[in-house]
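Q: Sequence plus the predicted model coming up.
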Amino acid sequence: MLGYDLSRPPDAQDGATVAVLLHGRGSHRGDLQALRPHLPEAWTLVTPQAPHPGHPWGYGPGWAWYKYVAEDRVEEGGLTWSLEALDRFMAGLSGLVGFRPGPVVLGGFSQGGTTSLAYAFTRPGSVAAALNFSGFLPDSPVLPADALGPDATPVFWGHGTRDPNIPHRLADKGRDLLHRSGTPLTVGDYDIGHWIDPSEVADAVAFVEGLVGR
């Protein structure tokens, strides 16, 4: 089972929204808990830790969801391992949070965003929405083209226009594939580098609450 950090309101009840957010390359499970103040008080936030040590791949002392190759390509075995670890984690989510979740939202930053897209598209119906903050759509057999389409998981994709790590052109490439396939997609561009802006989180929350409201 993946390690994780959890923050939930003391009065959390069955049916409440749960956000599962995945950290970026070389980071750890506590990183995205920093977004807690920007999420609705009624939401529960769970932040699992990736299964791969980052050090052997040159990512420092933290953890990784896959080994990056180049552009929008990843090492397939590592990503598959992480997706299967997330299967087990998500299957036990109710026990972790202590109530029966309502809408479950899966998202993440950078590698976490890429992994969230791969999970949501290859496990249709498993989550209510995917939130991609500055990740890319992996060009990999792990994510076949027929995983996309009008019935795929709705996506919010936020990206910095000055991102030096995952350039905005990769966002354009991935978004274009989603648009052409008819995948439900909401985008937001922000005058930032490789980080998450509070206004981006606010837009993502509005996107989720709009889905839940429907």
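A: Good, I have the coordinates. Numbers count the residues shown, from 1 in each chain.

Q: Report the central residue of the chain.
A: Gly107 (2.3 Å; C-alpha atoms, centre = their mean).

Q: If I look at that residue, what pLDDT would I see?
A: pLDDT for Gly107: 98.

Q: Not counting its neighbours along the chain, what's nearest it?
A: Leu131 (2.7 Å; C-beta to C-beta, 6 or more residues apart in numbering). In short, each C-beta sits where N, CA and C put it, glycine included.

Q: isn't there a helix covering that neighbour?
A: No. Read with DSSP: H, G, I helix; E, B strand; the rest coil, Leu131 is strand and lies in no helix.

Q: related to what we said a few turns ago, quick check, the residue nearest to the centre of the chain in a helix?
A: No. Using three-state DSSP, the assignment for Gly107 is strand, not a helix.

Q: hang on, isn't it packed against Leu21?
A: Yes. Between Gly107 and Leu21 there is a contact under C-beta atoms under 8 Å: 5.3 Å.

Q: Now the common contact residues for those two.
A: Leu131 (C-beta atoms under 8 Å, 6 or more residues apart in numbering).

Q: Do you have the strands of the protein handy? List them.
A: According to DSSP state E, the chain carries its strands in the segments 4-7, 18-22, 44-48, 52-53, 63-64, 68-70, 73-74, 104-109, 129-133, 155-160, 185-190.

Q: Nearest to Trp81 among the ones you listed would be which one?
A: Among those, strand 52-53 comes nearest to Trp81, with 7.3 Å by C-beta to C-beta.

Q: mean confidence for that closest one?
A: Strand 52-53 comes out at a mean pLDDT of 98.

Q: Run the chain-centre distance for it.
A: 18 Å (C-alpha atoms, centre = their mean, to the nearest Å).

Q: No further questions, thank you.
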